[in-house]
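Peer 1: sequence first, then the predicted structure:
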Amino acid sequence: MLPIGVLCLQGDFREHLATLSSLGVASKVVKKPEHLVGISGLIIPGGESTVIDKLSKIYELREPIRNLIREGLPVFGTCAGLIMLANNLIDGTSTQETFGGLDITVQRNAFGSQVDSFESELEFAGESVKAAFIRAPIVVSVGPETQVLSKLADDRVVAVRQGNLLGISFHPEVTGETKVHEYFVRMCKTANFTATN
């Protein structure tokens, strides 16, 4: 399998690189358009979605990533990464844009500020995972083609999949949890996507 790219513009990309390494999966730092060549998938980390949006435009990554999503590249977004994959935001800034692809509506910072962060055991795609919620977004609506993979006890949606795209509200990479990354690695291995060299 070709390496999985990690978008390293801002946020906790180091933790994702470390998680992939712990699984014995090759990874690739993505900071420029040419770094998108020869990858089997892409992880968009947590951080500040507005900053990731701005930097993706400055580094001319926005359109190449949008094109790869349309072509079927598996992409996994955590927290801010989930926001970046959503088609609709209900509380984005006036100039904020996303890569899109997931037919969902997301509310940013739905759980409040940093002091409202918490950890929880969740069922994700039939497995128990340890999740950290840090200024996390919430999925407030899903389209007909979007599969819900995880909910909180109060029924709020925190993980979805639509074809080649996986988005979650939480941070498994900061709790030592690897099952969600393993799920994404399987997505990359079975995807109908041909990487360019």
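Peer 2: Cool, the structure landed. Numbers count the residues shown, from 1 in each chain.
Peer 1: for the nearest residue to residue 134 once chain neighbours are set aside, grab the count of nearby residues.
Peer 2: Excluding the flanking residues, the one nearest residue 134 by C-beta to C-beta, 6 or more residues apart in numbering is residue 117, at 4.5 Å. C-beta: built from backbone N, CA, C; applies to glycine. Close neighbours of residue 117, defined as other C-beta atoms under 10 Å, add up to 14.
Peer 1: now stretch 2-17: how far from the chain's centre is it?
Peer 2: 10 Å (C-alpha atoms, centre = their mean, to the nearest Å).
Peer 1: again with stretch 134-145
Peer 2: Here stretch 134-145 shows a centroid-to-chain-centroid distance of 12 Å under the convention C-alpha atoms, centre = their mean.
Peer 1: please renumber the chain so that the first residue is 57 from this point on.
Peer 2: Fine by me, first position is 57 from now on; the one you just mentioned is stretch 190-201.
Peer 1: how about residue 220, what does it touch?
Peer 2: Residue 220 sits next to 125, 128, 129, 130, 131, 243, 247, 249 when contact means C-beta atoms under 8 Å, 6 or more residues apart in numbering.
Peer 1: what sits against residue 177?
Peer 2: By C-beta under 8 Å, 6+ apart, the residues touching residue 177 are 184, 185, 186, 187.
Peer 1: so what sits opposite it in the bridge?
Peer 2: Taking DSSP bridges as the rule, residue 177 bridges to residue 186.
Peer 1: circling back to that earlier point, just the buried ones from the contacts of residue 220, in ChimeraX syntax?
Peer 2: To isolate the buried ones among the contacts of residue 220 in ChimeraX, judged by 16 or more other C-beta atoms under 10 Å, type:
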select :125,129,130,131,243,247,249
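Peer 1: please spell out the PyMOL selection for the buried subset of the contacts of residue 177.
Peer 2: Selection of buried members from those for PyMOL, criterion 16+ other C-beta under 10 Å:
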select buried, resi 185+186+187
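Peer 1: export the contacts of residue 177 to CSV and tack on distance to residue 76 and pLDDT?
Peer 2: Below are these laid out as CSV (distance: C-beta to C-beta, whole Å; pLDDT from 0 to 100):
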residue, distance to residue 76, pLDDT
184, 21, 95
185, 17, 95
186, 18, 92
187, 18, 90
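Peer 1: give me the helices and strands touching the longest helix seen in the chain, please.
Peer 2: The single longest helix within the chain, with elements called by DSSP state H, is helix 235-246. If you count contacts as 3 or more C-beta pairs under 8 Å, 6 or more residues apart in numbering; DSSP states H and E, helix 235-246 packs onto strand 60-63, helix 69-78, strand 97-100, strand 131-134, strand 174-180, strand 183-189, strand 221-224.
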